[in-house]
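>>> sequence-free structure coming up:
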């Protein structure tokens, strides 16, 4: 029987591996793909961290000094490889978990091959960007061009034609709109919900570095303090067709699980008319897309930047005290059932990598204490 099994060899799984080894344990890390950091390898080519490198590294290993402040995707992949090497982590690759269930002395994990593994403790670290959410609208099946989720997008050449509709307005969505616009495409971006926009840098400091306000004040007070500064910095973007959320950016994350867009140039392209803002979609009739305001336009391709879903019920079944009605863990970083933890399954105001770096040591200590208390 294993002392601890970690499912996933992305940033969370690797950080947990390092922290568990720091507690004197030898975790078995299971990864369904054939490499570590598989999600980062799939991301679109121009992606870079939206949080600065000093606040995005995993426990025990900072990003290299020579790396840019906002580390590009390819260098994040290299960093994850170096991290595994630095802590002598050897995940079992190609090991996809089909089912996990409690036993009297821990958990039994069944792989898709039929092999079963017993462990005293189990930690899920499969990430928040594994299962794409495919939104749909009446008539979408009639669209003659490609309808691609952002997970499958790598570069503008993936989408033929001149006119592209990007659906969504998160951080990836804004950057994808820039990518396509800079490639000469005519880009519209459909924004259904009210939004919050943040500058990448505020008074010379990366926006994530202002999290001290969240530690000093309740989050709604922190939002109120920063609101006048953000209005001055970002301007009145309601004039551009974007509806300002009635919640501040931190409240939007805490209460709705929605990350504000950290602007890296999208707003400027909207102001210059290079990207046009549209409301939410209403219906699709062939190449013609009609929006909620009854305006219409024709497109050659649609890029769905509609986010991801987390649903662990296929692996764990319905566990009301562990998973919510959508299959997402009700909490991360704490023991939700005897010998069961989850790492970084909820959006965080200051980025998932920073949240992982906070949760992994806490989970590792809790696992070690649990194993000490519970005899094998």
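Great, that's in hand. Nothing here was measured: the structure is a model prediction, and the numbers come from that model.
>>> could you say what helices and strands the host helix or strand of residue 12 packs with?
Here residue 12 sits within helix 11-22, counting by DSSP states H and E. Under the contact criterion of 3 or more CB pairs under 8 Å, 6 or more residues apart in numbering; DSSP states H and E, helix 11-22 touches strand 2-7, strand 28-31, helix 73-86, helix 352-373. Every residue, glycine included, has its C-beta placed from N, CA and C.
>>> Give me the helices and strands touching the shortest one, please.
The reference is to strand 28-31. Here strand 28-31 touches strand 2-7, helix 11-22, strand 92-93, going by 3+ CB pairs under 8 Å, 6+ apart.
>>> Which of the ones you listed sits closest to residue 69?
Closest of the helices and strands packed on strand 28-31 to residue 69 is helix 11-22, at 18.5 Å (criterion: CB to CB).
>>> what's the distance between the closest one and the middle of its chain?
19 Å (CA atoms, centre = their mean, to the nearest Å).
>>> So residue 234 sits against residue 199, correct?
Yes - Residue 234 lies in contact with residue 199 (CB atoms under 8 Å); the separation is 6.4 Å.
>>> Would you mind grabbing the residues shared as contacts by these two?
residue 263 (CB atoms under 8 Å, 6 or more residues apart in numbering).
>>> So for residue 229, which of the helices and strands packed on strand 28-31 sits nearest?
Residue 229 sits nearest to helix 11-22 of all those, at 31.0 Å, using CB to CB.
>>> Run a quick neighbour tally on residue 294.
8 (other CB atoms under 10 Å).
>>> Likewise for residue 68?
Neighbourhood size, residue 68 [other CB under 10 Å]: 12.
>>> again, but for residue 64
Close neighbours of residue 64, defined as other CB under 10 Å, add up to 13.
>>> Distance of it relative to residue 101?
Going from residue 64 to residue 101 by CB to CB, to the nearest Å gives 42 Å.
>>> On the pLDDT front, check the residue nearest to residue 89 when sequence neighbours are not counted for me.
Of all residues not flanking residue 89 in the chain, residue 17 sits nearest, at 4.5 Å (CB to CB, 6 or more residues apart in numbering). pLDDT for residue 17: 98.
>>> Output the below-cut-off pLDDT ranges for the stretch 1-150 of the chain.
By pLDDT under 70, the stretch 1-150 of the chain contains no weakly predicted segment.
>>> Okay, angle between the lengthiest strand in the chain and helix 11-22 too, please.
Identified as the longest strand of the chain according to DSSP state E is strand 116-124. Here strand 116-124 runs at an angle of 100 degrees relative to helix 11-22 (axes from the mean of the first three to the mean of the last three CA atoms, to 10 degrees).
>>> re earlier: now distance to residue 107 too, for the helices and strands packed on strand 28-31, in TSV please.
TSV is the format used below for those (distance: least, CB to CB, whole Å):
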stretch	distance to residue 107
strand 2-7	7
helix 11-22	15
strand 92-93	16
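>>> if we compare the ones you listed, which one ends up closest to residue 222?
Per CB to CB, nearest to residue 222 of the helices and strands packed on strand 28-31: helix 11-22, 26.2 Å.
>>> which residues touch that closest one?
By CB under 8 Å, 6+ apart, helix 11-22 touches 4, 6-7, 9, 26-27, 29, 31, 36-37, 40, 58-61, 80, 83-84, 86-89, 91, 123, 125-127, 343-344, 352-353, 356-357, 359-361, 363-364, 367-368.
>>> Of those residues, keep whichever come out buried.
Among the contacts of helix 11-22, those scoring as buried are 4, 6-7, 9, 27, 29, 31, 36-37, 40, 58-61, 80, 83-84, 87, 89, 91, 123, 125-127, 343-344, 352-353, 356-357, 359-361, 363-364, 367-368 (criterion: 16 or more other CB atoms under 10 Å).
>>> just to revisit the earlier point, burial count for the residue nearest to residue 89?
Neighbourhood size, residue 17 [other CB under 10 Å]: 30.
>>> same thing with the one 5 residues further on?
If you count neighbours by other CB under 10 Å, residue 22 ends up with 16.
>>> who's in contact with the residue nearest to residue 365 when sequence neighbours are not counted?
Excluding its sequence neighbours, the residue lying closest to residue 365 (CB to CB, 6+ apart) is residue 23, at 6.5 Å. The neighbourhood of residue 23, defined by CB under 8 Å, 6+ apart, consists of 364-365, 367-368.
>>> could you dump those residues to JSON lines with pLDDT and distance to residue 114?
Formatted as JSON lines, these follow (pLDDT from 0 to 100; distance: CB to CB, whole Å):
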{"residue": "364", "pLDDT": "98", "distance to residue 114": "30"}
{"residue": "365", "pLDDT": "98", "distance to residue 114": "34"}
{"residue": "367", "pLDDT": "98", "distance to residue 114": "27"}
{"residue": "368", "pLDDT": "97", "distance to residue 114": "31"}
